[in-house]
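Structure, please.
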Amino acid sequence: MEKRKERIDRGIKARSQDIFALCSYREMLYLSAPRLIPIIGFLILPLVLGVYWQKVLLSVAVFVLLAISWDILAESGMVSLGQALFFGVGAYATGIMNHYFGFHPFISIPLASIIGGVICTLLLLPVLRLRGVYFSMVTLIIPLMLVRVIEATKIFGGTEGLSGMSPIPSHWLELYLIIGVMLVCLFGFRRMLDSDFGLVLKGIRDNDRSVTNAGINIYWHKTQALFISSSIGAFAGAFMTHVYMFVGMPVFALDYSILPIAAVVVGGPGTLAGATLGACILVPLSEVLRGFGGLRIVFYGLFLVIFTVALPEGIFHYVQRKYNQFERWVEVDK
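I've put the predicted structure just below:
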């Protein structure tokens, strides 16, 4: 009996990336494995990790949200350098509601996500017409300005910030809440980018004049993308406020802007899964390198340079391409 090699996905894909013709449980497993592995992994990891690495996993989930937020903006043609703006506004919004008005975290966190999204959208609405580096510079400057305003006016605790926030009732609830939100955002917004709305956003990124000539209001679509992105970042900031039970000027730190960009670059832009993979690599790596002291930045930067040069497309795109090239032996009909 003669056999030949055939790519596994050759007989599965019928017409497009989302339409499949499945003939066996093996083909179903082949398609579902890349989606089930991260879900099962994130749900099991808290059970096998120690307390310290559980906190690292929590930070991973938070930076995944910020990286997804950045990737959504980038897919709309808006390159941001100010994810710290979204993070900080959400953190202060929930801090004010909890500290001054006594709102429970389960009320203040979702409210802060929406309010933070609205505030950040209104702040950046006048500059949506800017392109490229000009929009990026504005997103970088605004959080720096807010820090100076808080420092000079001493509002919301000034340089000392607001402390004594209500904690999330349970350590396990805290951990699985952020993991659940992260997974919902990952898979939900990946579907959004594959929808007609997502195709319009990608069209705006590639050639906004052509989209405008088609009769589509590109600024309305960019506003929606900005609100979605800023709400995700605001949720991350609001959540971390109740984890640390403190909010202050450090929530506008550049770390919350730079690391999400690095995560997307390492993981691969345009898929949201790449942003997730990049954050899952960089955040634990920064903790592992902490013991090297000042050399930590050197090793961290060297790692980024190597991955940027060796895999400019990102790790996720490379792994995805190799996964789709898997082959199997099939019988040859005579």
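
Okay, now the unreliable bits of this structure?
The chain contains residues with pLDDT under 70 at 1-6, 8-24, 327-334.

neighbouring contacts of stretch 36-53?
By CB atoms under 8 Å, 6 or more residues apart in numbering, the residues outside stretch 36-53 that reach it are Gln54, Leu57, Ala61, Trp172, Leu175, Tyr176, Ile179, Met182, Leu183, Leu186, Ala273, Thr276. Using the backbone N, CA and C atoms, a C-beta is placed for each residue, glycine as well.

among these, which two are most distant?
Trp172 and Ala273 (26.0 Å; CB to CB).

List phi and psi for Phe246.
Recorded main-chain torsions at Phe246 are phi -160, psi 150, according to degrees, to the nearest 10.

My error: substitute Met165 in the last question.
The phi/psi pair for Met165 (degrees, to the nearest 10) is phi -70, psi 150.

what's around the spatially closest residue to it that is not a sequence neighbour, how many residues?
Leaving aside its sequence neighbours, Met165 sits nearest to Met245 (CB to CB, 6 or more residues apart in numbering; 4.3 Å). Look at Met245: counted by other CB atoms under 10 Å, it has 16 neighbours.

now swap in Met192 and tell me
18.

how distant is the longest helix anywhere in the chain from the center of its chain?
Using DSSP state H, we find that the single longest helix of the chain is helix 218-244. How far helix 218-244 lies from its chain's middle: 10 Å, per CA atoms, centre = their mean, to the nearest Å.

For the chain, just list every one of the strands.
With DSSP state E as the criterion, the chain has strands at 3-7, 13-16, 19-20, 162-163, 246-247, 327-331.

Show me what the fifth one is packed up against.
Right, strand 246-247. Under the contact criterion of 3 or more CB pairs under 8 Å, 6 or more residues apart in numbering; DSSP states H and E, strand 246-247 touches helix 83-101, strand 162-163.

taking the ones you listed together, which one is wrapped up most tightly?
Ranked by mean neighbour count, the helices and strands packed on strand 246-247 are led by helix 83-101 with a mean of 27 (mean count of other CB atoms under 10 Å).

How about the contacts made by Val266?
Leu277, Gly278, Ile281, Leu282, Leu304, Phe307, Thr308, Gly314, Ile315.

Please report how far the residue nearest to the fifth one when sequence neighbours are not counted lies from Ser286.
In space, and not counting its chain neighbours, Leu304 is closest to Ala262: 6.0 Å by CB to CB, 6+ apart. The span separating Ala262 from Ser286 equals 10 Å under the rule CB to CB, to the nearest Å.

How about Asn217?
41 Å.

more neighbours, those two?
A side-by-side neighbour count of Asn217 and Ser286, using other CB under 10 Å, places Ser286 first with 19 against 11.

Quick check: that one touching Phe299?
No: if you go by CB atoms under 8 Å, Ser286 and Phe299 don't touch, sitting 9.8 Å apart.

Not including adjacent chain positions, what is the nearest residue to Glu75?
Using CB to CB, 6+ apart, the nearest residue to Glu75 is Leu201, at 5.4 Å.

Next, count neighbours for that neighbour.
By other CB under 10 Å, neighbour count at Leu201 equals 26.

Next one: it relative to Ala225, how far apart?
Relative to Ala225, and taking CB to CB, Leu201 is found at 6 Å.

any residues in contact with both of those two?
Common neighbours of Leu201 and Ala225 (CB under 8 Å, 6+ apart) are Glu75, Ser76.

Figure out which of the helices and strands packed on strand 246-247 is closest to Leu295.
helix 83-101 (25.7 Å).

and that closest one, what other elements does it pack with?
Contact partners of helix 83-101 among helices and strands, from 3+ CB pairs under 8 Å, 6+ apart: helix 51-75, helix 105-124, helix 133-153, strand 162-163, helix 218-244, strand 246-247, helix 255-267.

for those, which one sits closest to Val89?
helix 105-124 (4.4 Å).

which helices and strands sit right next to the closest one?
helix 83-101, helix 133-153, helix 218-244.

Could I get the buried residue list for the last one?
Of the residues in helix 218-244, 218, 221-223, 225-243 count as buried by neighbour count, 16 or more other CB atoms under 10 Å.
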